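>>> quick check, what structure comes out for this input:
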Amino acid sequence: MALEVTGLRVAYGPITAVDGVSLTVEPRTVTSLVGPNGAGKSSAIRAIMGFVRSQGEVLLDGEPLSKRRTHARARAGLAYVPDGRGVFGDMTVKENIRVAAGAGWEARWEALAALFPVLGEKRAARASELSGGQQQALSIARALASAPRYILLDEPSMGLSPVAVKGVVEAIEQLSGTGVGVLLAEQNAALALSVSSMVHVMVRGEIRRSAEPGELRGTDELRALYLGRAAA
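Below you'll find the predicted structure:
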């Protein structure tokens, strides 16, 4: 039981954005793709979700998804949280969850309000009135409302203050406790190291290093990879 990606490749015309990426995401774990801006992290996430054309294999608990469109991948159990959050600003927090959950939304709302207390407190507020960190929590909760097996998070800390980033860390930690597997694309290495069980460092479309956070934390290796000074 896992989300398995093998030999993923994404090209935009003559430019290769993702070159042979392979990884596995287990249930109840957080796996991260980290790297500098332009490394191909978001392209990999979007390809797994089916937003962009790609080559390679994507298996969800043994079920092939590579030839399926985005909506079919969502029905199979994938959920996507885009960078920039993308909440429905004119709707209340509760309405955002209702739209995502569909039938039986009341039970899902109560569970999510308990999981994310700040959303319970802000249930009647319009999403546009929330802080950046609160909007990111709502975006994550909304993805969880569809009862996915795996959630793909694309740069959740983008544009957030350090205080708001702490809230995002808490939200991600909550996710793994629900049984959902999480694939996180994140430029903020400190955030990724703090929540992940496995980290894949991407540089120029390739995974250059795969390790548990403890192997990278406190070393110069990660800095060297980000700066392009490590050998391929």
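>>> from Leu225, how far off is Arg209?
6 Å (C-beta to C-beta, to the nearest Å). In short, each C-beta sits where N, CA and C put it, glycine included.
>>> what do the two both touch?
Val201 (C-beta atoms under 8 Å, 6 or more residues apart in numbering).
>>> which residues does stretch 118-128 contact?
Against stretch 118-128 from outside (C-beta under 8 Å, 6+ apart): 87-94, 96-97, 112-114, 130, 134-135, 137-138, 141, 167.
>>> tell me which residues of that stretch come out buried.
Counting neighbours by 16 or more other C-beta atoms under 10 Å, one finds that the buried residues in stretch 118-128 are Val118, Leu119, Lys122, Arg126, Ala127.
>>> tell me the spacing between the nearest residue to Glu26 once chain neighbours are set aside and Val58.
Once flanking residues are discounted, Glu26 sits nearest to Ala2: 5.2 Å by C-beta to C-beta, 6 or more residues apart in numbering. Per C-beta to C-beta, Ala2 is found 11 Å from Val58.
>>> of the two, who's got more company?
Between Ala2 and Val58, Val58 has the larger neighbour count (other C-beta atoms under 10 Å), namely 22 against 18.
>>> that one reaches Lys67, doesn't it?
No. Between Val58 and Lys67 there is no contact under C-beta atoms under 8 Å: 9.5 Å.
>>> strands of the chain, start to end?
Assigned by DSSP state E, the strands in the chain fall at 3-12, 15-25, 30-34, 55-60, 63-64, 78-81, 150-154, 181-186, 198-203, 206-211.
>>> JSON lines for the ones you listed, including mean pLDDT and distance to Ile45?
What follows is the strands of the chain, written out as JSON lines (pLDDT from 0 to 100; distance: least, C-beta to C-beta, whole Å):
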{"stretch": "strand 3-12", "mean pLDDT": "98", "distance to Ile45": "10"}
{"stretch": "strand 15-25", "mean pLDDT": "97", "distance to Ile45": "10"}
{"stretch": "strand 30-34", "mean pLDDT": "97", "distance to Ile45": "7"}
{"stretch": "strand 55-60", "mean pLDDT": "98", "distance to Ile45": "11"}
{"stretch": "strand 63-64", "mean pLDDT": "96", "distance to Ile45": "19"}
{"stretch": "strand 78-81", "mean pLDDT": "95", "distance to Ile45": "7"}
{"stretch": "strand 150-154", "mean pLDDT": "96", "distance to Ile45": "5"}
{"stretch": "strand 181-186", "mean pLDDT": "96", "distance to Ile45": "5"}
{"stretch": "strand 198-203", "mean pLDDT": "96", "distance to Ile45": "11"}
{"stretch": "strand 206-211", "mean pLDDT": "96", "distance to Ile45": "14"}
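>>> show me the one of these that comes nearest Val163.
strand 181-186 (17.4 Å; C-beta to C-beta).
>>> using PDB, list the CA coordinates for the closest one.
As requested, the backbone C-alpha atoms of strand 181-186 are provided in PDB (Å, rounded to 0.1, in the frame of the first residue of the first chain):
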ATOM      1  CA  GLY A 181       0.100   9.800   3.000                       C
ATOM      2  CA  VAL A 182       1.600  13.200   2.200                       C
ATOM      3  CA  LEU A 183       3.900  14.200  -0.600                       C
ATOM      4  CA  LEU A 184       5.200  17.700   0.100                       C
ATOM      5  CA  ALA A 185       7.000  19.900  -2.500                       C
ATOM      6  CA  GLU A 186       8.800  22.600  -0.500                       C
END
